[in-house]
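S.K.: sequence isn't available, so here's the structure alone:
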């Protein structure tokens, strides 16, 4: 039983890592109805930019601010160059545009900072917390717990922002109906700039945490793929959904690997989340917390 | 061709549209020189059949054409003495002109109250003022207050129309461009909505330019009317005069002094005597 809990907790905490990436998708999808395929590339870009700046000898906090600044610039440029000419185009056209954007951002990041793998040390060790270990004999990684804490703060802040602020409401309004939002004087450009900047910030946080764990490398862009089942489970439009989806995916894939993996030769965690998501799609296509598509008859 | 307006004499005109031409996709000429005036504090009806250019006229005022690949290629639009045809919708709403789009366009996943709150986006106001504005809208639309927590997507067509007008009111406009408020609504609800429009017009001094296919109702509540056909103004006048005009009666109200006509006769008559040419 104790082993079960150790796997479960490890799984939940690694699920939080997926949630970070999923959050970025949710933000942009909520505010513009665009599935931003480039979110993974943004995570990579953010992490690489941060490490690149850090290597020039700039202090940690300044590097963080500069990297965030770079993400804001990236967001504004995306709005200006990619989104603005595509207002009122079908979603699939916008989706294709973000695929193009993915390659552009990946190339840009490597052109700026080179393509070698870099380490990143946030000063928090990936080691079991001693007192929990002593009390319950369950190993809980300090780093994972830190990541979970950051996620909790981030999600609370975002949920409050969307629900209760003027800009948050405007973001949701834009997601529902571009034209109507425009007609009541909500400036789409400003809204999109804000949302891409926020998504950039989330990508930066995700990049730092993933980078510190696995190293800052091109493979970071693939974390975006793990966010897909998370989104399908949690719902594309829900911030809390991204977190809950992440937790479910993280825990089930680890449990499946440990308990079922032995019977089928292991490697289950690579594909288990997708099977889970596929099954889920059949039952509840809008996800656990997603908005139902409202149709009037 | 009669596109000149005989009452453009006053320099103190409020909203005036002068000879505008609108082209979609760079090839489709939709408005062929439309001129009209909305005096302060009045309700002006823009009438005509499907595709006559009513919505396009409204959208060219509110600058929503850009997103539909439309372009005002000629003429100008003046509101309170300044040209407004190059403004963004955001700037225009700040100056007091707002459009309520055809088909309501409420934000389906937002509650009715949230819908209303988004309407105040362009005003930087305190919480107390926001609350006050909200109460003002609820005063005119008590039904919205009852259902404030319901997602707009689940409300009835009439409630959505009220929500759309209420949302526009939250921006504290001087002038509302109301596109086809009667669309798809039961006659009783249409009546209710026009009553509220009239009330808003009289007690809040909001001017209205409303595009309508329901000529009968529109002329009953409006002060002045324009009839569009094929992108041109073919007739204009006092609402009461228009309502009693023989041609308007025949073409738009389905009334005729010559008793019932068979459909073939009507077609023949139209072919012989078209208003434009």
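M.R.: Happy to help now that I have it. Worth saying up front: this structure is predicted, and the values here are computed from it rather than measured. Numbering: from 1, shown residues only, chains lettered A, B, ... in the order given.
S.K.: list the contacts of residue B:133.
M.R.: Applying CB atoms under 8 Å, 6 or more residues apart in numbering or on different chains, we find residue B:133 in contact with B:120, B:125, B:169, B:170, B:172. Every C-beta, even on glycine, is put in place using the N, C-alpha and C of the backbone.
S.K.: that one sits in which helix or strand?
M.R.: For residue B:133, the host element (DSSP states H and E) is helix B:127-140.
S.K.: chain center to that helix, what's the gap?
M.R.: Here helix B:127-140 is found 24 Å from its chain centre; the criterion is CA atoms, centre = their mean, to the nearest Å.
S.K.: which residue sits closest to residue A:125, ignoring its sequence neighbours?
M.R.: The shortest distance from residue A:125 to any residue other than its chain neighbours is 5.8 Å, reached at residue A:142 (CB to CB, 6 or more residues apart in numbering or on different chains).
S.K.: in the stretch 1-150 of chain B, what residue lies closest to chain A?
M.R.: Across the stretch 1-150 of chain B, no residue is closer to chain A than residue B:93, which sits at 3.0 Å (CB to the nearest CB).
S.K.: if we can go back for a sec, filter the contacts of residue B:133 down to the ones close to chain A.
M.R.: residue B:120 (CB under 8 Å from any CB of the partner chain).
S.K.: of the contacts of residue B:133, which belong to helices?
M.R.: Counting by DSSP state H, the contacts of residue B:133 place residue B:169 in helices.
S.K.: distance to residue A:284, neighbour count and pLDDT added to the contacts of residue B:133, as a markdown table?
M.R.: As requested, those are arranged in a markdown table below (distance: CB to CB, whole Å; neighbours: other CB atoms under 10 Å in any protein chain shown; pLDDT from 0 to 100):
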| residue | distance to residue A:284 | neighbour count | pLDDT |
| --- | --- | --- | --- |
| B:120 | 35 | 23 | 95 |
| B:125 | 40 | 15 | 89 |
| B:169 | 38 | 24 | 96 |
| B:170 | 35 | 24 | 96 |
| B:172 | 42 | 20 | 94 |
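S.K.: continuing past the helix of greatest length in chain B, what's the next helix or strand?
M.R.: In chain B, ranked by residue count with DSSP H as the criterion, the top helix is helix B:187-203. Downstream of helix B:187-203, the first helix or strand assigned by DSSP H and E is strand B:207-212.
S.K.: residue B:225 in helix, strand or coil?
M.R.: When the structure is split into helix, strand and coil by DSSP: H, G, I helix; E, B strand; the rest coil, residue B:225 lands in strand.
S.K.: for residue 67, what are its contacts?
M.R.: Looking at chain A here, since you left the chain open. With contacts defined as CB under 8 Å, 6+ apart, the neighbours of residue A:67 are A:46, A:49, A:50, A:53, A:204.
S.K.: oops, I was thinking of chain B
M.R.: With contact set as CB under 8 Å, 6+ apart, residue B:67 has these partners: A:87, A:88, A:178, A:179, A:182.
S.K.: show me what from the stretch 151-277 of chain B comes close to chain A.
M.R.: Checking the stretch 151-277 of chain B against chain A by CB under 8 Å from any CB, the hits are B:151, B:153, B:154, B:157, B:167, B:168, B:171.
S.K.: one step back: biggest separation within the contacts of residue B:133, which pair?
M.R.: For those, with distances taken as CB to CB, the pair at the greatest spread is B:125 and B:169 (13.9 Å).
S.K.: where in the stretch 101-250 of chain B is pLDDT low?
M.R.: Under the criterion of pLDDT under 70, none of the stretch 101-250 of chain B is flagged as low confidence.
S.K.: go again with 90.
M.R.: By pLDDT under 90, the low-scoring segments of the stretch 101-250 of chain B are B:109, B:124-125, B:184, B:216, B:229-230, B:234, B:243-250.
S.K.: ok, back up a step: among the contacts of residue B:67, name the ones in strands.
M.R.: With strands identified by DSSP state E, none of the entries of the contacts of residue B:67 belong to them.
S.K.: what's the separation between residue B:169 and chain A?
M.R.: 10 Å (CB to the nearest CB, to the nearest Å).
S.K.: which residues touch that residue?
M.R.: With contact taken as CB under 8 Å, 6+ apart, residue B:169 is in contact with B:119, B:133, B:136, B:137, B:140, B:176, B:200, B:204, B:206.
S.K.: by neighbours, which of these wins?
M.R.: Taking other CB atoms under 10 Å in any protein chain shown to define a neighbour, the member of the contacts of residue B:169 with the most is residue B:119, carrying 28 neighbours.
S.K.: still on that earlier bit, now render the contacts of residue B:169 as CSV, adding distance to residue A:169.
M.R.: Supplementary listing: these in CSV, determined by distance: CB to CB, whole Å:
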residue, distance to residue A:169
B:119, 10
B:133, 14
B:136, 19
B:137, 16
B:140, 22
B:176, 21
B:200, 24
B:204, 24
B:206, 24
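S.K.: now the helices for the chain?
M.R.: Assuming you mean chain A. Taking DSSP H as the criterion, chain A carries its helices at A:2-32, A:39-55, A:60-78, A:91-113, A:130-136, A:142-164, A:166-176, A:178-183, A:188-214, A:223-234, A:239-259, A:261-264, A:272-283.
S.K.: please go with chain B instead
M.R.: Using DSSP H, the helices of chain B run over residues B:54-62, B:89-95, B:112-118, B:127-140, B:142-146, B:157-169, B:187-203, B:215-221, B:239-244, B:246-248, B:263-272.
S.K.: good, we can wrap up now.
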